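Chemist: starting from these lines, generate the structure:
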Amino acid sequence: MAATHVIVGAGQAGAWAAVSMRQAGFTGRILLIGDEQWRPYQRPPLSKQVLIEDPEPPLLHFHAEQRYAELEIEMVLGTAVTALDSKAHRVALSDGRAFEYDRLLLTVGGQARRLPVHGGDLALYLRTLEDARAIRARLEGAPRVLCIGAGVIGLEIASSARTRGCAVTVLEALPRAMGRAVSPEGAVFIEALHRNAGAVLHFDVVVDRLEREDGTTVVTCRDGRRFVADVVVAGVGMQRNLSLAEAAGLSLEGGIVVDEFGRSSDPDIYAAGDIAAFFHPLFGRRLRLESWRHAQNHGIAVGKAMCGEIVPYSDVPWFWTDQYKVNLQVAGLPADAARTIVRQGGPPGAFVAVHLAGDDSVIGVTAANNPREIRAGQAMIQSRKVVDAAKLADATVPLQRLM
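Modeler: Residues are numbered from 1 along each chain as shown. This is a model prediction of the structure:
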């Protein structure tokens, strides 16, 4: 009897895992289960084009509906998995159905973290198409927008709101922008980008409460400052959907603990994408990543591993963000750097920084509007290239020449 692979989570990682299983030669049954009504779609446009463009752009799917049919991937959409019985190898759905599996892949990602303060439900949050449409509707005719959180999502929404002509204020509890994703030097570049566009940024500000007052939302901070806005959007991180993993007794470290092949502590359960705390052989430790490419490539690698193509997943971490028509890309782990070299002498408005480990090997690269430097930087990170810091500082010498 043919085996059954069940994928819980019909996002990017789940979609690519399903396709990769067929590409790896798996001939059994594949079920792709998702709680949204849409087949897997691109999420990056939700904070950008969906909020800005008129009319609203069409939803971008990873694969055509016909593609899933050709590969005999069964789509079970608009219903959530509510229970996982790992001993019986069975998942139960919110609509009353249940499916048995031989191997299970969890790609359930996470949800937008809510503000843990009084009135936190007065803020809007972004994770799904419905969330984006709700924010878009509220931005229409909203003169004052306040974004809580200066991470990637918060700043992308701030950029979109400012592009629409709204007055934008950003509140961040940390001392700098995108503090968990870029170096201090990268934060200075991003902050200048927003301030030059007319946004007002406040750091080291902790929100204490939100209240409705005369048709507006009043945000009161712990230091007593009050901000009034027509729309408040919070981008304060993601909360991973770990309830199924907890119920199954899987090992957790802020995510589902998996090895470099996506295998969890249960030999028949795998995890990929945002939900996974995976071992990275290049860095020698577990990472938890939330990015477009990681979701795709980890899903592909783990889907193939479940079907016998055992290749360690060792992609160099990489993500991008578009803000005010500036494309910022970050490769590697800038937060782990012992020091950072900002390349000088490049074109006006350009920014490239190379992040070095203690042994002067390249551990990260940050670049604005310069994909060529990012590509060279990823190769340097993969090889742990040691480069002369003096040469790195000269932006007139492409990184490719220093390989």
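
Chemist: only C-alpha atoms from now on, for both contacts and neighbour counts.
Modeler: OK.

Chemist: neighbours of residue 302, how many?
Modeler: Neighbour count for residue 302, taken as other CA atoms under 10 Å: 32.

Chemist: I figured residue 157 hits residue 49, correct?
Modeler: No - taking CA atoms under 8 Å as the definition, residue 157 is not a contact partner of residue 49, at 10.3 Å.

Chemist: which of these two has more neighbours?
Modeler: The neighbour comparison of residue 157 against residue 49 (other CA under 10 Å) goes to residue 157, with 28 against 14.

Chemist: Three-state assignment for the more buried one, please.
Modeler: Secondary structure, DSSP: H, G, I helix; E, B strand; the rest coil: residue 157 is helix.

Chemist: not counting sequence-adjacent ones, nearest residue to it?
Modeler: Nearest non-adjacent residue to residue 157, counting by CA to CA, 6 or more residues apart in numbering: residue 47, 5.5 Å away.

Chemist: repeat for residue 286
Modeler: Spatially, and ignoring its direct neighbours in sequence, residue 286 is nearest to residue 279 (4.2 Å; CA to CA, 6+ apart).

Chemist: poorly predicted segments of the stretch 101-250 of the chain, please.
Modeler: Applying pLDDT under 70 to the stretch 101-250 of the chain flags no residue at all.

Chemist: quick one, strands of it?
Modeler: Applying DSSP state E, counting those that start in this stretch to the stretch 101-250 of the chain gives strands spanning 103-106, 110-112, 144-148, 167-171, 200-202, 207-213, 216-221, 226-229, 231-234, 238-240.

Chemist: show me the contacts for the residue nearest to residue 166 when sequence neighbours are not counted.
Modeler: If the residues on either side of it in the chain are set aside, residue 166 comes closest to residue 143, at 5.0 Å by CA to CA, 6+ apart. Going by CA atoms under 8 Å, 6 or more residues apart in numbering, residue 143 touches 165, 166, 167, 230.

Chemist: hang on, the earlier thing: any figure for the gap between the residue nearest to residue 286 and residue 59?
Modeler: Using CA to CA, to the nearest Å, we find residue 279 at a distance of 33 Å from residue 59.

Chemist: now do residue 219
Modeler: Applying CA to CA, the value for residue 219 to residue 59 is 33 Å.

Chemist: tell me which of those two has more neighbours.
Modeler: Under the neighbour definition other CA under 10 Å, residue 219 and residue 59 were set side by side, and residue 219 has more, 25 against 15.

Chemist: find the nearest non-adjacent residue to the more buried one, please.
Modeler: Here the residue nearest residue 219, using CA to CA, 6+ apart, is residue 210, at 4.7 Å.

Chemist: that neighbour contacts residue 120, correct?
Modeler: Yes - using CA under 8 Å, residue 210 makes contact with residue 120 at a distance of 6.2 Å.

Chemist: these two - which one has more neighbours?
Modeler: residue 210 (23 against 18).

Chemist: contacts only, for residue 344.
Modeler: Going by CA under 8 Å, 6+ apart, residue 344 touches 393, 394, 395, 396.

Chemist: pLDDT wise, what is it at?
Modeler: At residue 344, the pLDDT value in this model is 84.
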